[in-house]
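Q: With the sequence up front, the predicted model follows.
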Amino acid sequence: MKIIELKVKSELYGITDCIINKERFVLGFKTFPCGSGEDHTLTGEQYKTCLNEFFPGLKERIQFALNIPENHFDNHKTDLYIMFSESVNNWLKDNYEYYNNITRFISRIDGNIWLEIPFAYNNNNRG
């Protein structure tokens, strides 16, 4: 199980080591034990750090965050395709640094709207 340590700046405790493990993170725990003996609640930025650490591929992060089924993803070479939904679009807008590079298209195969994310498909992270 992968474990990361975060240096958490707290007004009460100064710098505190928190150990965040993937299992608790995946189970939806919002708080984690810290060296101070108190539980620490992840801030938005700390949550993103853990998400990126535990799920290195964009596809994996989206699947974890939104529970998107495998058949809503595709790719062409290095470009990642995701079937459009408001929740996916909003998540990308809030969490993907290169959101402005994403384009929409209508698939000739299924008639659905898809998002094309250039250079976001990684062969090494298939799921």
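A: The structure has been received and is ready for your questions.
Q: Distance-wise, check the closest residue to N112 other than its chain neighbours relative to T41.
A: Nearest residue to N112, sequence neighbours excluded (Cβ to Cβ, 6 or more residues apart in numbering): M83, at 5.6 Å. C-betas here are computed from N, CA, C, even on glycine. Separation of M83 from T41 (Cβ to Cβ, to the nearest Å): 33 Å.
Q: So which of the two has more stuff around it?
A: Neighbours per residue (other Cβ atoms under 10 Å) separate M83 from T41, with M83 holding more: 17 against 12.
Q: Let me know whether the more buried one touches W114 as I believe.
A: Yes: using Cβ atoms under 8 Å as the test, M83 is close enough to W114 to be in contact (5.7 Å).
Q: Do a quick rundown of the helices in the chain.
A: Assigned by DSSP state H, the chain shows helices spanning 22-26, 44-54, 58-66, 86-95.
Q: so of these, which one's packed in deepest?
A: Of the helices of the chain, the one with the most neighbours on average (mean count of other Cβ atoms under 10 Å) is helix 58-66, at a mean of 18.
Q: which residues are in contact with both of M83 and W114?
A: Shared contacts of M83 and W114, defined by Cβ atoms under 8 Å, 6 or more residues apart in numbering, are absent.
Q: Any regions of this structure where pLDDT drops low?
A: 1, 7-16, 36, 123-127 (pLDDT under 70).
Q: any idea how far the most centrally placed residue in the chain is from F25?
A: The residue lying closest to the centre of the chain (Cα atoms, centre = their mean) is R61, at 3.0 Å. For R61, the distance to F25 equals 12 Å [Cβ to Cβ].
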